[in-house]
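Visitor: Could you look at this predicted model? Sequence included:
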Amino acid sequence: KGVFEFEASIVGELSNTKSPFVSANFAINDGSVTEIQSDTELSSIFLLGNYSSRIKKEKERLVISNFSAVIGSEKCKGNIEISNFNQPMINGEFSANLPLSEILKFTTSNWGEIEGRLNSNLKFNFNYNKNLENYNLKKLEGIFVLNNFSLINSKKNVYLKNVKGEFYTSGEQLLGSKIKGELNDSKLVSELSIVNFKKLLTLENSIPKIHAQVHLDQLLVDPFLSNENNNETNLFSIQDSVDLKISLNVKRVIYNSFKAKNLKGQLDINNGNLYFNNISLNGNKGGYQLELAISKQDESNYIFFVQGNAQNIAISNFFLEFDNFGQQYLTGDHLKGTSNVDFKLTLPFKNDLSYAENDIKALANLSIKNGELINHESVLAMGEFLNESKLAKTFIDVEKLSKSLKHISFSDLKNSIEIINGKIKVPKMEISSNVLDFNLSGVHFFNDSIDYNIAFRLKDLLSRKNKIIEGVEVKDNSAGKMVFVRMYGTTEDPV
């Protein structure tokens, strides 16, 4: 819509070998353009134009000057000149303070609810190669200022608010500095660069390559993994259409009950894969070093992998804050002490965040110093077995022993624990405690079936040699009597 005014003159001969000189002046006043699907309007369009055809050494030229228009309630303006239509050269400038919500209505992107304004002031010069169908951007200078930007995506639990920042062109890049705002109610400070910004504009690249430094006061992980506001089955995805490198620095991280401080690491996303390298953080009264990856197998399947080590952590906190890793046989209520752990874990999962327990593979090498084992069923079972034996009671103060077994202290413990094919394997480990020395080994299945073997030496409490005490085998060696007990069945009803 609008008023179009036009005047033209044609001077010269028109023949097979000659063309007349054409000159035209035109104007548009009170024009408008409407994007039909979103009903978004570019209104109050005004411009002056001039066209002149090729003459002698001069190329044809189209000049549009004094362009102005309104989108939303804000005005944009600019000038543009196009010369040599066979290999067009475009030169111009553009400035605007535009509402982002209106701009994005012209696109098909669906990132969520977006508000804010983008103030831009640009000068550009590029040419278009018709044969190669590409652009050569010779000059792009200018600045973008982002004000009161917000992005709300309730399905993904992303709430980015009150973001302000300045962006400017530098060579091939678009650089952003002084970017401040809030991510899920946490203070955010960032700097970033779109490394291939120029090539994105000329369509040489279609995937943005972004490098950033991000500082957060707090990161709550649980909302990003929640499906409370999402009825879709595709709860997890990694976009192929981005190449992202983020140097991350977070003062405080919370995941379920796990709390950590001073998280640092390098987050990379490309080709549908996620890598989180050189991670360091403080938690459970100790420190962690980690490497993490999520690799995309196809549109529905991913593999999660993590490996690393924990140094001088409180083992009780470690178990409790990770919800005892989904089992109740050995929990944070059973253990105390300071631990070092080397571990790795592989977990295939689907985009609805489901996984098969039998696919979990993990290996942990751990050592515990100044440890305590409190009210653990396998240890208490030793006292229960002996308490049921009238013959054993003639050799041992079973009542006193049972009380002592409720809280055992030991100086050092080392072992490897493996998870594979739906079961937790505990190789033989030797525990030297204040009550007695014993060995423990066995298997704990994810269905809570168990098969544990316990062997303990009663020093000189037993005076007889090589006897069977109602199913409990007793042997003697130079170090003292040995008792072997097997506990199997289920955790609810062990035998």
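Guide: Right, received. Where do you want to start? Numbering: from 1, shown residues only.

Visitor: now the end-to-end length of stretch 5-20.
Guide: One end of stretch 5-20 to the other measures 22 Å (Cα to Cα, to the nearest Å).

Visitor: How about that stretch, which residues are buried there?
Guide: Across stretch 5-20, burial judged by 16 or more other Cβ atoms under 10 Å covers no residue at all. To be clear about C-beta, it is placed using only N, CA and C from the backbone, and glycine gets the same treatment.

Visitor: what's it in contact with?
Guide: For stretch 5-20, the external contacting residues (Cβ atoms under 8 Å, 6 or more residues apart in numbering) are 21-29, 53-54.

Visitor: so for it, what's the average pLDDT?
Guide: Here stretch 5-20 scores 85 as its mean pLDDT.

Visitor: same question, stretch 310-323
Guide: For stretch 310-323, the per-residue pLDDT averages 86.

Visitor: CA atoms of that stretch as CSV?
Guide: The C-alpha coordinates for stretch 310-323 follow below in CSV (Å, rounded to 0.1, in the frame of the first residue of the first chain):
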residue,chain,number,x,y,z
ALA,A,310,37.6,-36.3,43.3
GLN,A,311,40.2,-35.4,45.9
ASN,A,312,39.7,-35.2,49.6
ILE,A,313,35.9,-35.2,49.5
ALA,A,314,33.6,-36.1,52.4
ILE,A,315,32.4,-39.5,51.4
SER,A,316,29.1,-39.2,53.3
ASN,A,317,28.2,-35.9,51.6
PHE,A,318,29.2,-37.4,48.2
PHE,A,319,26.7,-40.3,48.5
LEU,A,320,23.9,-38.2,50.1
GLU,A,321,24.1,-35.3,47.6
PHE,A,322,23.9,-37.7,44.7
ASP,A,323,20.9,-39.5,46.2
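
Visitor: That one: how far from the chain's middle?
Guide: In this view, stretch 310-323 has its centroid 22 Å away from the chain centroid, taken as Cα atoms, centre = their mean, to the nearest Å.

Visitor: show me where the stretch 101-250 of the chain has helices.
Guide: For the stretch 101-250 of the chain, the helices defined by DSSP state H, counting those that start in this stretch occupy 197-201, 222-225.

Visitor: sorry, back to before: most neighbours among the contacts of stretch 5-20, which one?
Guide: Of all the contacts of stretch 5-20, the most densely surrounded is residue 28 (19 neighbours; neighbours counted as other Cβ atoms under 10 Å).

Visitor: Just list whatever residues bridge to it.
Guide: Listed by DSSP bridges, the beta-bridge partners for residue 28 are residue 4, residue 47.

Visitor: ok, it touching residue 42?
Guide: No: with contact defined as Cβ atoms under 8 Å, residue 28 does not reach residue 42; the gap is 11.7 Å.

Visitor: hang on, the earlier thing: now, which of the contacts of stretch 5-20 lie within helices?
Guide: Using DSSP state H, no member of those falls within helices.

Visitor: Max pairwise distance over these: which two?
Guide: 29 and 54 (29.1 Å; Cβ to Cβ).

Visitor: got the contact list for the residue lying closest to residue 54 once chain neighbours are set aside?
Guide: Excluding the flanking residues, the one nearest residue 54 by Cβ to Cβ, 6 or more residues apart in numbering is residue 60, at 4.7 Å. By Cβ under 8 Å, 6+ apart, residue 60 lies in contact with 51-54, 83-85.

Visitor: State the pLDDT value of residue 270.
Guide: Looking at residue 270, its pLDDT stands at 91.

Visitor: from here on, count from 46
Guide: Will do, 46 is the new start, and the previous item becomes residue 315.

Visitor: other SSEs contacting the helix or strand harbouring residue 298?
Guide: In this structure, residue 298 sits in strand 288-300 according to DSSP states H and E. When contacts are defined as 3 or more Cβ pairs under 8 Å, 6 or more residues apart in numbering; DSSP states H and E, strand 288-300 sits against strand 254-265, strand 303-315.

Visitor: Export the longest one to PDB, keeping only CA atoms.
Guide: I take that to be strand 303-315. Extracted as PDB, the C-alpha positions of strand 303-315 are listed here (Å, rounded to 0.1, in the frame of the first residue of the first chain):
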ATOM      1  CA  PHE A 303      24.600 -31.600  45.200                       C
ATOM      2  CA  LYS A 304      26.100 -28.200  45.800                       C
ATOM      3  CA  ALA A 305      29.400 -27.000  44.300                       C
ATOM      4  CA  LYS A 306      31.400 -23.800  44.100                       C
ATOM      5  CA  ASN A 307      33.800 -22.200  41.700                       C
ATOM      6  CA  LEU A 308      33.000 -24.300  38.600                       C
ATOM      7  CA  LYS A 309      35.200 -23.600  35.600                       C
ATOM      8  CA  GLY A 310      35.400 -25.300  32.300                       C
ATOM      9  CA  GLN A 311      35.300 -25.200  28.500                       C
ATOM     10  CA  LEU A 312      31.900 -26.000  26.900                       C
ATOM     11  CA  ASP A 313      31.900 -26.900  23.200                       C
ATOM     12  CA  ILE A 314      28.900 -27.800  21.100                       C
ATOM     13  CA  ASN A 315      29.300 -28.700  17.400                       C
END
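
Visitor: Direction included, what does it pair up with?
Guide: When DSSP bridges is applied, strand 303-315 pairs with strand 288-300 (antiparallel), strand 318-328 (antiparallel).

Visitor: Let's have those in CSV, adding mean neighbour count, distance to residue 243 and mean pLDDT.
Guide: Converted to CSV, the strands paired with strand 303-315 look like this (neighbours: other Cβ atoms under 10 Å; distance: least, Cβ to Cβ, whole Å; pLDDT from 0 to 100):
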stretch, mean neighbour count, distance to residue 243, mean pLDDT
strand 288-300, 17, 15, 94
strand 318-328, 16, 26, 94
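
Visitor: Please name the bridge partners of residue 385.
Guide: residue 412.

Visitor: That one touches residue 356, doesn't it?
Guide: Yes: with contact defined as Cβ under 8 Å, residue 385 reaches residue 356; the gap is 5.5 Å.
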